[in-house]
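# Please find the sequence and the predicted model below.
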Amino acid sequence: MMEEGSGVLRRGRGLLVTSLGVAIFLAYLAWSNPFRVLTEVGRFDPITFLLAVLLNYAGLFFFALSWFLLLKVLGVGVSAWRAVQATFVSLFVVWMIPIPVGTEIIRAYLVRGEENSDAGKAIASVVVHKAYYNVAFGVLIGAAALMVTVLRGGTIPVRPELVWFVVAFAVVSSILFGMLLSPSLLGWAYGRSPEWLRLRLFDRFSDPKLGEGGFSQVIVEIDSAVQGLRSRPAHNLLSLLMVAFHWSTGSVTAYMVALSLGRRIDFWVIVLIYAVIEFIQQLNILIPSGLGVVDAGLTGAFVLIGIPLPLAAAISLLTRLATYWFELVLCAVVSFRYGYRESLREYLE
């Protein structure tokens, strides 16, 4: 009875924050009025926009396949399509219910029982993959900042200290994720964690048949998996490059969307803007995908570089359509076909 009550409470809370996001989004549309630009005859080039959508989709598949490559290095018997399915399910669930590092936890949960897999390999694959994402994130932002300020003698369009903070965040978080693969650190963290955290996080990846020593075995498995990953540097580099391609497609999509509306914006400036907005979205743990908040932030950033508000809002709206709404539809179709509720029943309880 108590579990049913907590479930109703979670659903009510989810409906509340989603409603808040929708309200913010509608207020943002009323304030910015992007439709004034979108309805101008001949202003919008649908072919360029369609190419931007397809490129963004390609980046999404590259993201899933870069993780698949790490799984193959570890000898996990999972197909490329199965890795894509698990990735899309994790993205869909986290879009609906913001969970810190939720995509990593869910993907590890879904592949831990695959052929020749175990909890250690599953966890190591997603932790390394997340570290690669942050490395690519930091390198691309740093390169963009240097291109804008040093090579072109310009200024960073948003607050410079915020941009460098995002770079530092990417570097530090990559180091922290790498440290999570240390057996001694994992053992210390598990031993010092409160009971509720063990039950909700660590023990979900343990075999209950192993009793109290369950997660200790997982730590041994993680250590073995890390050694396996270190033995294949070329595959790791390829996975990193594929993640970098995925990250860059968001900025390229925004660049192409602006072109579809007849406005050319410096690509490296867009990288900086998109990176800051992406950082804000990663910090969001309340409103699903920062609905309304991210849209307004992206619009405001474009206004800062001299784009009129209605045009900035139109670019933001179409960029989010390509990088959020169309992605959400694709991941939702795959997730429902895959039967994500049944696969994640224990996790979502």
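Here it is on my side, so go on. The structure displayed is predicted, hence computed values, not measured ones.

# List the residues that contact residue 55.
Counting by C-beta atoms under 8 Å, 6 or more residues apart in numbering, residue 55 makes contact with 249, 252, 253, 256. Where you see a C-beta, it was placed from the backbone N, CA and C, and this is true even at glycine.

# From residue 315, how far off is residue 256?
Taking C-beta to C-beta, to the nearest Å as the measure, residue 256 falls 10 Å from residue 315.

# So for these two, which residue has more residues nearby?
Using other C-beta atoms under 10 Å, the more surrounded residue of residue 256 and residue 315 is residue 315, with 26 against 23.

# Might one say that that one is in contact with residue 259?
No - applying C-beta atoms under 8 Å, one finds residue 315 not in contact with residue 259, separated by 9.8 Å.

# Quick check: neighbours shared by those two?
Contacts common to residue 315 and residue 259, judged by C-beta under 8 Å, 6+ apart, are absent.

# Shouldn't residue 44 be within a helix?
No - assigned with DSSP: H, G, I helix; E, B strand; the rest coil, residue 44 falls outside any helix and is coil.

# where does it fall, phi/psi-wise?
phi -100, psi 130 (degrees, to the nearest 10).

# And it, how close does it get to residue 302?
Distance of residue 44 to residue 302, computed by C-beta to C-beta: 16 Å.

# same deal with residue 166?
18 Å.

# Over to residue 337?
36 Å.

# The two: who's more crowded?
Under the criterion of other C-beta under 10 Å, the comparison of residue 337 against residue 302 puts residue 302 first, with 27 against 10.

# So the more buried one is in contact with residue 318, correct?
No - using C-beta under 8 Å, residue 302 makes no contact with residue 318, being 11.8 Å away.

# Just give me the neighbour total for residue 27.
A total of 12 residues lie near residue 27 under the criterion other C-beta under 10 Å.

# Okay, and it sits in which element?
Assessed by DSSP states H and E, residue 27 sits inside helix 2-32.

# Give the rounded mean pLDDT of that helix.
Summarised as a single mean, pLDDT over helix 2-32 is 58.

# now stretch 155-170
75.

# Next: stretch 43-61.
Computed over stretch 43-61, the average pLDDT equals 92.

# list the buried ones in that stretch?
44, 49, 51, 52, 53, 55, 56, 57, 59, 60, 61 (16 or more other C-beta atoms under 10 Å).

# out of these, which are inside helices?
49, 51, 52, 53, 55, 56, 57, 59, 60, 61 (DSSP state H).
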